[in-house]
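A.B. asks: When you get a sec, could you give me coordinates for this:
(chains A, B, C and D)
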Number of protein chains: 4
Amino acid sequence: FRRTRSLNAPSPIQQFGPCGRIMKNSAMVMTIQDPASQRLTWYKPPLTVLVIKKVRDAAVLQPFIQLVKWLIQEKHMVVFVESSVLEEPLLKGHGAFLSIRDKLMSFKEGKDDLTDKIDFIACLGGDGTLLYASSLFQQSVPPVMAFHLGSLGFLTPFEFDNFQDQVTNVLEGHAALTLRSRLRCIIIRRDKEIKDANENNGMKSRRPNSTNLLVLNEVVIDRGPSPYLSNIDLFLDGRHITSVQGDGLIVSTPTGSTAYAVAAGASMIHPSVPAIMVTPICPHSLSFRPIVVPAGVELKISVSPDSRNTAWVSFDGRNRQELCHGDSLRVTTSIYPVPSICSQDQIADWFDSLAECLHWNVRKKQKHLD
Amino acid sequence: FRRTRSLNAPSPIQQFGPCGRIMKNSAMVMTIQDPASQRLTWYKPPLTVLVIKKVRDAAVLQPFIQLVKWLIQEKHMVVFVESSVLEEPLLKGHGAFLSIRDKLMSFKEGKDDLTDKIDFIACLGGDGTLLYASSLFQQSVPPVMAFHLGSLGFLTPFEFDNFQDQVTNVLEGHAALTLRSRLRCIIIRRDKEIKDANENNGMKSRRPNSTNLLVLNEVVIDRGPSPYLSNIDLFLDGRHITSVQGDGLIVSTPTGSTAYAVAAGASMIHPSVPAIMVTPICPHSLSFRPIVVPAGVELKISVSPDSRNTAWVSFDGRNRQELCHGDSLRVTTSIYPVPSICSQDQIADWFDSLAECLHWNVRKKQKHLD
Amino acid sequence: FRRTRSLNAPSPIQQFGPCGRIMKNSAMVMTIQDPASQRLTWYKPPLTVLVIKKVRDAAVLQPFIQLVKWLIQEKHMVVFVESSVLEEPLLKGHGAFLSIRDKLMSFKEGKDDLTDKIDFIACLGGDGTLLYASSLFQQSVPPVMAFHLGSLGFLTPFEFDNFQDQVTNVLEGHAALTLRSRLRCIIIRRDKEIKDANENNGMKSRRPNSTNLLVLNEVVIDRGPSPYLSNIDLFLDGRHITSVQGDGLIVSTPTGSTAYAVAAGASMIHPSVPAIMVTPICPHSLSFRPIVVPAGVELKISVSPDSRNTAWVSFDGRNRQELCHGDSLRVTTSIYPVPSICSQDQIADWFDSLAECLHWNVRKKQKHLD
Amino acid sequence: FRRTRSLNAPSPIQQFGPCGRIMKNSAMVMTIQDPASQRLTWYKPPLTVLVIKKVRDAAVLQPFIQLVKWLIQEKHMVVFVESSVLEEPLLKGHGAFLSIRDKLMSFKEGKDDLTDKIDFIACLGGDGTLLYASSLFQQSVPPVMAFHLGSLGFLTPFEFDNFQDQVTNVLEGHAALTLRSRLRCIIIRRDKEIKDANENNGMKSRRPNSTNLLVLNEVVIDRGPSPYLSNIDLFLDGRHITSVQGDGLIVSTPTGSTAYAVAAGASMIHPSVPAIMVTPICPHSLSFRPIVVPAGVELKISVSPDSRNTAWVSFDGRNRQELCHGDSLRVTTSIYPVPSICSQDQIADWFDSLAECLHWNVRKKQKHLD
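C.D. replies: Predicted structure coming up:
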C-alpha cells in the first residue's frame, strides 16, 4: 500500500464510460505543482531582510536585538525595520541596540515602497506581525519566517530558542512552504461611477477612490459603529445567492477560517485547500450555515436596495470604512499568496497550531458513563 | 473590472520577492483543466443507457415507463435495467411496460459486470438512485443525468416534465458537468497481515478479504449495533492527528458535506472544492470542530489499542462491517469521480439544492427589533 | 395514566432515605402558584387602555384606527396613545382618525408618568411594540395583548381579524397569561463611588447617574462602535466565573433566548422556566457554550482590569452606553414581569412562534438515503 | 446594593397595573423553599451506609478499603456493598480487606430491596457510580457523597485526600445540597392495551410489562442496533410538537445537559433550574435547535405511524429496549430527586466541574490580532 503523497487532489480521469469525456478547453488548462511538494528555493542569496516585531511588548525587545544583530554581523544582511522602531524609547535604552542602530535601514508604511527591496521577512511576536507583513506587500510577498515568543500561533510556527540554526537552514533553502492564499478586495463606489459619467462636466466626487486591498485572514462586513445592520446581498459570479440578516458576514481565506470565522461557527480549513469561506455572524436564520466555495469564484457584496442602514467593511481587522447604498465590495482570490515558511511541514504545523491555539479536541480521556 | 470565470483558484505566482521561489519538482506537476469550464462531450454517440429508478415508490413507475419507451423507440438506444425490475408486480400490470419488456437488457448487482457496457445513466427518483449508480461503478462512471420527482434533491437536479428535450440536449453534448469526487476506502484486516506472514505455513484467515469501496457521500465509523463506542485514532499521511471520543466520525466528500456531515454540524462545501471533510459525531470534546483537509491526503482510522470496544464502518449508508483492533481503514480521494450532469451549471444547481433541501437561509424578512 | 398539568416542577420530596432531609429555613420559603394555571382576572373593569402601534408602517394605520375607534365607541374606554401619533401626517389624512383624535389621551415618553394610569395595553405590529411597552413600565406592567399584522411574532400571538371578539374575551377575563420575566440591570459607575467618597469635599462627577433599566429580551455587552473588544469579567453571586474574549456577551431572559441569543447559538427556553441565559458572541474559545443559570442569581459584568479597551452595554437594543474600567453592570431577575396575554395557551403559543419565526424543525419530509 | 441570595426566581408581583391580576387557584399553589438555601440535616444519626465503588479499576481498591474500614471502626456504621464486591479477586488479596469482610452487609441488584435500609451513600470513582446509585433507588434516595479519584467529575465533587474530616462534617449535617431532578420514564406498550382490552377473553401479551424507570442524566431514543431511524413524534402535554428525523432524540435533566446533550449541541443548564431539555441528535433539519421546557410538563414520544422502522430507548445508557409502533414513552419530572452533597456549594461545584470536565472557556489569553 503505497501512494504519492499529495495535498492536492489526484488528477481525475477525464473519460467517463466508453463514450463520455470532458470537452477540451485549452484556454482553461493550467499547469500546477502539487502544493504538498512546495519547497523554498532561492535564485540568488537573499541580501535584504525585513524584521517586524510585535509592538508594545517588552518581552520581544531582547530577541529582536539578538536577531537583528546576528543577521547583520554574522549573515552580513541588510536589515530593514519600521522607522518608528528607531525611535522606541525602550529600545534606545539598550546599549546593544545603539551599537547597531546606525546600520539599520528604515521605512514608513504608506510612504516608502518596499516592492523589490526585500528578499526575506522575519516576524517576531504574535499572528499580528504576519498580518502586518502581508499588508505591506500588496503584490509579491517575500518568503516569511515567523517566530512566536511563548506559545505557538496560527501563523507563527518557529520557536526562537535556536534561531541561528533555523534561519541558516532557511537561507540555505531547506524548508517547506505553505502558500497562504489572500483575497483581493475592491470597493466600487457608486459615486465613482457617477463621477465617471459626469467627468466631462467637470464634477468631482467627494468620496475616496476605490479601495483595493489584499487580506490574509478575512474581510468582514458588519454594522460597524452603527447599532443596526443593514440587509446585505451576496452575489457569486454575478448571481444573487442570498441575503444576510444578522450581525454581518465574514469572507475568509482558509488561513482565516481559524480566526474570526471559527468563532462564528465555521469549520476549519487547511490553508492548502483552494477555497473561500463565507460565514454569517449571528444570522437570524438558524439554517444559515457557513459555506465553502471554490477559490476561483468572484463574490460581490452590497447593501440591499431596500435596507434602511449602511454597512461597514474591515480588512484583516483594519481600515474600517462604510459601504453605502450602491457601493459594492468585490472579492476574489489573489494571485499573490503569502509564502509562509513551515517549521516542520504543512500538515504538522497546522495541526499543532489547532491544538495549541484552539485546544482542538484536547481533552483528558474520560469515559462517558464512568 | 473583468476576470476569467474560474471555479478553481487562479494559479498563484511562483516567485516571492526578488529571490524566493518554489523549487521545481517535475514529478509533482499536473495539468488540470479548470472545473468551471467542464462540459460534457461524447467520443461517439452513446448507444447504451442504464436507467435506475427509485424502489418501492409507485409514483416513479409511470415516468420510468415513459422514459424507457422513449429511449428505445425514439432514440434507438439499448436500455439496461436491474433484473429485479423485470419482475416487479406493479410494473407487470402496466400494458405499456409489457410492450417494451422484451427489449430491455438486465443485470444483477454483484453478478454482472457493467464495466464498459454502459454509455450513459439516467436516474429517476431521490438522491439514493445516484448513490446506487455510483456503487455499481467502482471505476470509471458514465455520465449521469438524475431526475427528481416532486422536489429537487442534492443530487437530482432535473425536472422530469420535458425530459425529451433535456435528454436530447445532453445526448448532443450540451451540458455542464460537476465531477463529484469519491473516496476510496480500504479496510486492511489484521488477520490478513497475519495470514500473509504465515502463508508459507499454510495457515488460513477466517476473516473476509479486504474491503475496497468507493463512496460518493461518506464513510462513517461509529458504534454500530454496540451500545458503546471504542476510542478511534485518526492518522493523516501517517501522522497521528487526534483521537475521537463520541458517537463516531464521518469522513465525507464535498458532495457528502450536505448529507450526514451537515446534520453533525459541518459547514457546506461546494463539490468542486478538492477537499475531504472530517466531522465528529457528538464528540465529548466541545472544541472538536469539523476540519477540511486537502483532497490529496491519506487518512487512516483505527480502533485505539487501549479501547475496550470495536467500531463499525459503513459506506454511503451500506455494507456495515466491524472494524476490530488491529484493523485499519484507509481513505483517499479516488481518481474516478461521478460525472454528474448539471441542469443549469455548477453554481446554480448547488445553491438551488441548498435552498430546497436544507432551507439554507430561507426566511421571511423580519427586523430584529421590529 | 393521568397527572396534574403543571409547567413548574412537581414539588420534590424533602426527605431522603430514613434520616436525611432538608434543613428548614423559613426565611427562604415562598408560596407560588403554578405558572401553568395562570389566568388573567380583573379586580374591577379596566377603563384605560394604552394602544401602541408600530412606527413607520403604513399597513398598521387602518387597523389602528379601527381598534381605537371601537375601544372608544363600543367599549367606552379611555384610550392613550403616544403624543407623536397625534401629529402623524399619514394619520391626519384619514377622516376616520380625525373624528376620534380629540378623544385621545396622549403622553410623551420620558416626560409623562404612566404608572397607575393604564389598566390594559394593546400592541399592534411587530415584537418591537411589546419591547417598547415593556420599557414604558419600569415597575408593574398592565396586561398586554399583542396583535401581529401579517405573520406571527414571538411576542405578538393575536391575529387582528376578529379583534372585537378577542378583546371582549380578554376584557371579560378569559385568557391564559405568560409572565415574561425581565432582567433588572444596574450600572454602578466608578465615578459615582468616587463622588460619594468625596462629596464632603464638594467634588462633582462628570458622569451620569447610575443606569437602572428593566429589559424583556436581553442586555448585551459588546464592543459598540469600537473596533476592539475589551476582555470582560463575569461574576455570579460575587464569584468570578469566567472571562470573555470575543465579540461580546448576551444576558437574556427566556423570552430573549429566541431573539439575539439564538442567533449566537443558544438553545431556546420556554418563558415560564425561571432562568437566566448567558451566551457569548463569537467567543475565541470553542468550548464556551451558552449556560443557563437559576433566575435567582445575581450576575456582575465588568471590564477586566488589564483590558486595553472598554465595553458598551445596550438594553433591549436601546440606550447604548459605555462601560468603563471600574464600572460594573449588575443583573438580576426583576419582580415585575410582563404579563403577556396568550392567544391559545403558554405551550401552544410558544411552539407556534418557534415554527413561524425560526422555522423550527420545519422541513419537508425526506429520507436520508432516498 | 444588597439582596437575598436566591437560586430560584424572586416571587413575581401578582398584580399588573391598577386592575389586572392572576386568578387565584388554590389547587395550584405550592410552598417551596428556595433551592439556594438547601442544606442537609438528619432526623437521627445515620447508621447504615452504602459504599459504591467503580468497577474494574484497581486504583479505587485502596481508597475503598480505607473508607470502609474507617466507617466501620471509627464511625461504627453498618456498611453495605454489592455482593459481587465480596468476591472480587483483587480485593480478596488485600489483608486489610479480609479483616473487615465479615462485617460487611451485601445486596444483589434486582434481588434485594434497599428501600429504607440505607441512611447514607458514599460513591468512589467516576460519574458512573452516582448513576448506578441513582438506579438502585427508584423512589427516595438517601443523601449521596461522591468522591472522585484523580480528576473532578460532573457528579463527583469530593477529593478523597482528607475524607475523614469531610465525611465527619457531612454526618454532622454541615453541607449544602443540590437536589438533582430525575425523569420518570414509562413505556406504555401497545400490546398491554390490547391485553387489557382482551383480558376477559383470557388472551396474554408476549411483551414484557411496562418499563418504569427514573433517570438522572437522560433517556435517549435512537436507532439502536438498526441502521435506520424511524421518524419519531414528540408530544408535549398531549399536543403534537414536532417530528424528529435524524439519529435520535435526547430528553435530559439539567444534570444530563452536560452529558450526552452537550455533545449533541445543547446549552448547559444548572441542576437547580426546574426544566427538561430536549435535544435532537444529528437532525436533518438545520433549524432544529435544542429546547428547554418547564420541568412540570409531560412529554410523550412515539414512533410515527407512517415510519418504516422502530426506535430504541435507553435509560442513563442502560436497559436499551425497542419502541415499536403503537408503543409510547412518557417522560415527566419525578418527585424523587438525587440529593447530591456539595463539596463547596451549588454554584462553585458546578462551574468547577464545567472547567474541569468540559474545559469550559478555559483558554490561554490571546489577543485576536496580536
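
A.B. asks: for chain C, what are the nearby residues on chain A?
C.D. replies: Neighbours of chain C within chain A, by CB under 8 Å from any CB of the partner chain: A:224-225, A:227, A:246-247, A:260, A:262-265, A:281-287, A:314, A:317, A:320, A:358-360. Any C-beta I mention is one placed from the backbone N, CA and C, and that applies to glycine too.

A.B. asks: Of those, which ones also sit close to chain B?
C.D. replies: A:Val262, A:Pro283, A:His284, A:Ser285, A:Ser287, A:Leu358, A:His359, A:Trp360.

A.B. asks: and of the residues you listed, the nearest to D:Met277?
C.D. replies: A:Ser287 (21.4 Å; CB to CB).

A.B. asks: Name the SS class of the closest residue to that closest one other than its chain neighbours, please.
C.D. replies: Distances taken as CB to CB, 6 or more residues apart in numbering or on different chains place D:Leu286 nearest to A:Ser287, at 4.0 Å, with adjacent residues excluded. Here D:Leu286 is recorded as coil under DSSP: H, G, I helix; E, B strand; the rest coil.

A.B. asks: Out of the residues of chain A next to chain C, which sit inside strands?
C.D. replies: A:Ile281, A:Ser314, A:Arg320 (DSSP state E).

A.B. asks: neighbour-wise, which of the residues you listed leads?
C.D. replies: A:Ile281 (25 neighbours; other CB atoms under 10 Å in any protein chain shown).

A.B. asks: so who does that residue touch?
C.D. replies: A:Val220, A:Asp222, A:Gly246, A:Asp247, A:Gly248, A:Leu249, A:Ile250, A:Ala264, C:Asp247, C:Cys282 (CB atoms under 8 Å, 6 or more residues apart in numbering or on different chains).

A.B. asks: Tell me how far it lies from chain D.
C.D. replies: Remark: distance between A:Ile281 and chain D (CB to the nearest CB, to the nearest Å) = 14 Å.

A.B. asks: in a helix, that's where A:Trp70 is, yeah?
C.D. replies: Yes - assessed by three-state DSSP, A:Trp70 belongs to a helix.

A.B. asks: Report the contact partners of it.
C.D. replies: A:Trp70 makes contact with A:Phe163, A:Gln164, A:Val167, according to CB under 8 Å, 6+ apart.

A.B. asks: so what's the second one closest to, chain neighbours aside?
C.D. replies: Leaving aside its chain neighbours, A:Gln164 sits nearest to A:Trp70 (6.3 Å; criterion: CB to CB, 6+ apart).

A.B. asks: List phi and psi for the residue nearest the centre of chain A.
C.D. replies: The structure's chain A has its C-alpha centroid closest to A:Leu216; by CA atoms, centre = their mean the separation is 1.3 Å. When read as degrees, to the nearest 10, the backbone of A:Leu216 gives phi -100, psi -40.

A.B. asks: Tell me the secondary structure at the residue nearest to it when sequence neighbours are not counted.
C.D. replies: What sits nearest to A:Leu216 in space, not counting adjacent residues and going by CB to CB, 6+ apart, is A:Ser134, at 4.2 Å. Under the three-state scheme (three-state DSSP), A:Ser134 adopts helix.

A.B. asks: Quick one: residues contacting A:Ser134.
C.D. replies: Applying CB under 8 Å, 6+ apart to A:Ser134 gives the contacts A:Val141, A:Arg182, A:Leu214, A:Val215, A:Leu216, A:Asp316, A:Val338.

A.B. asks: and which of those is nearest chain D?
C.D. replies: A:Asp316 (7.5 Å; CB to the nearest CB).
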